[in-house]
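>>> Sharing a model prediction with you, sequence too.
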Amino acid sequence: MVNKSYLDNLINKYKSSKDSLKENNLENSSSIHINDNLNNSDSNENLKDSKEVSEKSLNLYGKENLDSSNSSYSNQLGSSNNIKEKYTSIDNLIKEHSEDLFKNKTDLDKLDSSNIFLKDDNIITSKENLKENSKENLDINSKKYPQNSNDFSEKKTDFENELEKETKSHLITKYGETEIYRLDGQTMLHYKIPVPKANPSQKMIINTLKEATTRIISTDPYKIRDPLQRRNIYYQKVIDILENASEINIPKHLFSFYADSVVKEMTGYGVLESLLNDDKLEEIMVVGPNKPVYVYHVDYGMMTTNITFYSDNSILEIIDKISRTIGRQVDISTPLLDARLPDGSRVNATIPPASLDGSTITIRKFREDPYTITDLVKMKTVNLEVAGFLWCVVDGFGAKPSNILISGGTGSGKTTTLNVLANFIPESDRVLTIEDTAELQLPIKHVVRFEGRPPGLEGKGELSLEILTKNTLRMRPDRIIVGEIRHKEASTLFTAMNTGHDGCMGTIHANSAKETLVRITSPPMNVPPLMLAGIDFIIIQKRLRTVKGQVRRITSIAEVTGVLENKPAVNIIFKWNPESDVLERTENPIYYFEIIKTYTNLSDSQIKQKIEKRINILKGLVNNNIRDLKNVSNIIQEEYIRAFSS
């Protein structure tokens, strides 16, 4: 059988190549620390998982063999508990993966005669199957490796088998390595991306490489903030291990496959990494084991993918990785997780018993290049006339900024529109943002961001949006923006609106302006009806199914009237015409203009001129395709500077 110090030798070989690593400037990274001394007590944190490794080894080899092995091995190493723990964990690790390194059938016969069960991603095999796999897949010296990553095999789900039965598929589009198909007999499009799948023996090699890399690099991957640097450092470490471990006998043409697989699992999110890197995907949805992962595409809507998790444990590993990065725990007692990835993407995860059919993950991707008003006009979410109007009311014509609520259903684009409107805020204003999960991207210099936090395991430490909203009132804000209004924070925000804090904004779940008022005045918000006078405008945005596919549209803009007469009502001033696909001005007067006249002495014609001027500026942005956040913001702020100078 394989020498028990196999992994130890592998690590020593790596360390002997440190001179070559220095040439690659890897030793100079302040974030990486090579474990030069295996006796260092600080390295114990890297061995927390050794108990799990030992438990798996007990299942595979039997307690007696494991005890005798560890006893004789520890005697050779000395009496130090620290050294014993480290080398015992390495010994167990090699035992866990040793069937991947068996050289012949004789070694297999040394195993216990009873059936042996190996659990790896829910793949359960008996001793006989293990022998068969040894001949075909696990013989290192036979060099029976697949010639490319596409040859890696995995069991198939019923859904995949159904797809294979389809005789016709039509390629809709292709970009990069991504292909989108329309399959006969399927109502949804199919998203396909190359996903190499490792068989059980290859997974064992990957797991061994992960453990070796963990012992060599003591720093948590997520402490290296730059994701590209983090990936490159770990990728090079794995390549170095493979190059200096000739006994593994892995062909060089497979180095990149193993290195990429290890890096994705250690610094990324496994098979989901390819989806996270596609900027055209808005949402990634894992609905359970043995089911396809779903995605929502910017251009093509909901689609199935060729990615499938074959066990619930594989999904749990990703959920656990996400929860650990934010210091949270997900278990039976707390089976729900609402979190944010390092790149800002919003994540919701559930595990049984909350989700009956297995663990789920829903990722709403964060755009590094956020939408601006130029994008919304081009996508027809809003037209130039309305965009110019909204710019003026957010600014308040330089006198009285309006308080705005954006209402709509899930996925209707409320937060995107809120972010676009917030870009109209002058840089001279002090802006405080409050969100459950931070999503807003404001190119404003004087901005303070707050993020809520749920209670810890002991039920303490909660930071509710209500607490944060109350705290902002003590910070002299010019503008308060609440990402999503759900509970008691509504009363605090409306109190601020009615006590001189103009220019407040937020989003709320409602399907119409009237429904918005009902929701605000009903539990759990319970805002007194008289406080509705603080709202100037309600913007309704929806996700609609049209002949062009699913689109997002602002369907109406309304004022709130009659509050002081105890007759709250809505005054629709813009309404979407589905026939022309245009947001049109209604015949109803805009009462907000009367308020502006009292603050500025502007006439109706002057108000109209200011709006037209802003429309022309926005038209220039659209015509010249100026859409990146920085340039759009600069042009908006330049207009404020000109207005101030005059």
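Received, thanks.

>>> right, and the helix or strand after the biggest strand by length in the chain?
Counting by DSSP state E, the longest strand found in the chain is strand 549-561. Sequence-wise, the next helix or strand downstream of strand 549-561 (DSSP states H and E) is strand 569-577.

>>> strand partners of the longest strand of the chain, parallel vs antiparallel please.
Sheet pairing of strand 549-561 (DSSP bridges) gives strand 537-546 (antiparallel), strand 569-577 (antiparallel).

>>> which non-adjacent residue is nearest F574?
Excluding the flanking residues, the one nearest F574 by C-beta to C-beta, 6 or more residues apart in numbering is I557, at 4.1 Å. Glycine gets a C-beta too; all of them are placed from N, C-alpha and C.

>>> right, and that neighbour touches V386 too?
Yes: look at I557 against V386 with C-beta atoms under 8 Å: they come within range, at 7.1 Å.

>>> residues shared between the contacts of these two?
574, 583 (C-beta atoms under 8 Å, 6 or more residues apart in numbering).

>>> Tell me which of these two has more neighbours.
I557 (27 against 23; other C-beta atoms under 10 Å).

>>> ok, now which ones touch that one?
Counting by C-beta under 8 Å, 6+ apart, I557 makes contact with 386, 537-540, 572-574, 583.

>>> and of those residues, the nearest to I239?
Minimum distance to I239 across the contacts of I557 is 52.5 Å, recorded for I539 (C-beta to C-beta).

>>> ok, and the closest non-adjacent residue to that closest one?
Closest residue in space to I539, ignoring its immediate chain neighbours: I406 at 4.7 Å, by C-beta to C-beta, 6+ apart.

>>> swap in I250?
Distances taken as C-beta to C-beta, 6+ apart put L242 closest to I250, at 6.0 Å, once the chain neighbours are dropped.

>>> What's the local residue count around that neighbour?
L242 is flanked by 23 other residues according to other C-beta under 10 Å.

>>> Might one say that I180 is in contact with L189?
Yes: the pair I180 / L189 is scored as a contact, 5.6 Å apart, by C-beta under 8 Å.

>>> where do the contact lists of these two overlap?
What both I180 and L189 touch, as defined by C-beta under 8 Å, 6+ apart, is the set 172, 297, 300, 303.

>>> any idea how far D226 is from L432?
Here L432 is placed at a distance of 29 Å from D226 (C-beta to C-beta, to the nearest Å).

>>> again, but for N313
Distance from N313 to D226, counting by C-beta to C-beta: 30 Å.

>>> Next: Y592.
46 Å.

>>> Out of the two, name the residue with the larger neighbour count.
Neighbour totals were compared for Y592 and D226, and Y592 leads with 20 against 10 (other C-beta under 10 Å).

>>> Would you mind measuring from that one to F537?
Taking C-beta to C-beta, one finds Y592 at 7 Å from F537.

>>> overlap in contacts of those two?
393, 402, 559.

>>> Which one (most neighbours) among the residues you listed?
Busiest of these [other C-beta under 10 Å] is V393, holding 24 neighbours.

>>> Helix or strand: which one has that residue?
Assigned by DSSP H and E, V393 belongs to helix 384-395.

>>> Off-centre distance for that helix?
32 Å (C-alpha atoms, centre = their mean, to the nearest Å).

>>> do stretch 460-478 as well
26 Å.

>>> contact partners of stretch 510-523?
Stretch 510-523 is contacted from outside by 405, 407-409, 490, 494, 508-509, 525, 527-529, 532, 538, 540, 542, 556, 558, 560, 568, 570, 572, using C-beta under 8 Å, 6+ apart.

>>> oh sorry, the question was meant for stretch 582-594
So stretch 582-594 is contacted by 382-383, 385-386, 393, 402, 536-537, 553-555, 557, 559, 561, 571-577, 604, 607 (C-beta under 8 Å, 6+ apart).

>>> From these, keep the buried residues only.
382-383, 385-386, 393, 402, 536-537, 553-555, 557, 559, 561, 571-576, 607 (16 or more other C-beta atoms under 10 Å).

>>> I'd like the next helix or strand past the helix holding V393.
strand 404-408.

>>> Restrict stretch 284-303 to CA atoms and write it as PDB.
Output in PDB follows, covering the C-alpha atoms of stretch 284-303 (Å, rounded to 0.1, in the frame of the first residue of the first chain):
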ATOM      1  CA  ILE A 284     -28.900  31.700 -10.000                       C
ATOM      2  CA  MET A 285     -31.300  29.200  -8.400                       C
ATOM      3  CA  VAL A 286     -30.300  25.800  -6.900                       C
ATOM      4  CA  VAL A 287     -33.600  24.000  -6.200                       C
ATOM      5  CA  GLY A 288     -32.200  20.800  -4.700                       C
ATOM      6  CA  PRO A 289     -30.200  17.600  -5.500                       C
ATOM      7  CA  ASN A 290     -30.700  15.700  -8.700                       C
ATOM      8  CA  LYS A 291     -32.400  18.700 -10.300                       C
ATOM      9  CA  PRO A 292     -31.000  21.200 -12.800                       C
ATOM     10  CA  VAL A 293     -29.800  24.500 -11.600                       C
ATOM     11  CA  TYR A 294     -32.000  27.300 -13.000                       C
ATOM     12  CA  VAL A 295     -30.800  30.800 -14.100                       C
ATOM     13  CA  TYR A 296     -32.500  34.000 -15.000                       C
ATOM     14  CA  HIS A 297     -30.900  35.600 -18.100                       C
ATOM     15  CA  VAL A 298     -31.000  39.300 -18.900                       C
ATOM     16  CA  ASP A 299     -32.100  38.600 -22.500                       C
ATOM     17  CA  TYR A 300     -33.900  35.200 -22.300                       C
ATOM     18  CA  GLY A 301     -35.500  35.000 -18.900                       C
ATOM     19  CA  MET A 302     -35.700  31.700 -16.900                       C
ATOM     20  CA  MET A 303     -33.700  28.800 -18.200                       C
END
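
>>> which of the residues in it are buried?
So, applying 16+ other C-beta under 10 Å, buried residues of stretch 284-303: 284-297, 300-301, 303.

>>> got a list of what Y371 touches?
Counting by C-beta under 8 Å, 6+ apart, Y371 has contacts 416, 419-420.

>>> Most neighbours of all those residues, which one?
V420 leads the contacts of Y371 on contacts (other C-beta under 10 Å) with 24 neighbours.

>>> distance between the helix or strand hosting it and the chain's centre?
Secondary structure from DSSP H and E places V420 in helix 414-422. A distance of 19 Å separates the C-alpha centroid of helix 414-422 from that of its chain, computed with C-alpha atoms, centre = their mean.

>>> Nearest residue to the middle of the protein?
S345 (3.5 Å; C-alpha atoms, centre = their mean).

>>> so Q550 sits right up against L544, yeah?
Yes: Q550 lies in contact with L544 (C-beta under 8 Å); the separation is 7.0 Å.
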